[in-house]
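**Student:** build the 3D model from these lines:
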Amino acid sequence: MNFTLNDIDDYQNRLTDTQKEQVLTHCNEKNIKPNICAWYDDMEDFYSDWCEELNYSLEDADSLLNDESGEFLEFENSASIIRFVI
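**Tutor:** Take a look at the predicted model:
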């Protein structure tokens, strides 16, 4: 399936045009629907959720972030990270 701009579910309406293109590229490569379920302002925010609240180790949180599933996307030109429903 080839996702388009109309398929993006940005529940916070925060995506820039450049970020939308990055989302589409990522989701089409990973074959996951561009349905965003979480935003992280930066790595500190990401670790706060996954390490402090969910008790993941730093290594496990990093592994999750970089997993091949494509569940997370770290934007190239900002520190923001988003999570997709998979």
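
**Student:** give me the buried positions along stretch 14-24.
**Tutor:** If you call a residue buried by 16 or more other Cβ atoms under 10 Å, then stretch 14-24 has these buried ones: 15, 19, 22-24. From N, CA and C alone the C-beta is placed, and that goes for glycine too.

**Student:** so Leu73 makes contact with Ile86?
**Tutor:** No - the pair Leu73 / Ile86 is not scored as a contact, 11.6 Å apart, by Cβ atoms under 8 Å.

**Student:** these two: who's more crowded?
**Tutor:** Each of Leu73 and Ile86 has its neighbours counted (other Cβ atoms under 10 Å); Leu73 has more, 22 against 13.

**Student:** would you mind measuring from the more buried one to Asn55?
**Tutor:** 24 Å (Cβ to Cβ, to the nearest Å).

**Student:** ok, Phe72 next?
**Tutor:** Phe72 sits 18 Å away from Asn55, taking Cβ to Cβ as the criterion.

**Student:** now swap in Ser78 and tell me
**Tutor:** Taking Cβ to Cβ as the measure, Ser78 and Asn55 are separated by 27 Å.

**Student:** when Phe72 and Asn55 are compared, which one has more neighbours?
**Tutor:** Relative neighbour count places Phe72 above the other of Phe72 and Asn55, with 18 against 8, counting by other Cβ under 10 Å.

**Student:** who's that one bridged to?
**Tutor:** According to DSSP bridges, Arg83 are recorded as the beta-bridge partners of Phe72.

**Student:** mind checking how far the helix or strand hosting Leu24 is from the chain centre?
**Tutor:** Leu24 belongs to helix 17-30 when elements are defined using DSSP states H and E. For helix 17-30, the gap between its own C-alpha mean and the chain's C-alpha mean amounts to 10 Å (Cα atoms, centre = their mean, to the nearest Å).

**Student:** so after it, what's the next helix or strand?
**Tutor:** Sequence-wise, the next helix or strand beyond helix 17-30 is strand 36-40, with elements assigned using DSSP H and E.

**Student:** for the residue nearest to Val23 when sequence neighbours are not counted, give me its contacts.
**Tutor:** The shortest distance from Val23 to any non-neighbouring residue, by Cβ to Cβ, 6 or more residues apart in numbering, is to Pro34 (5.1 Å). Applying Cβ atoms under 8 Å, 6 or more residues apart in numbering, one finds that Pro34 lies in contact with 3, 7-9, 23-24, 27, 84.
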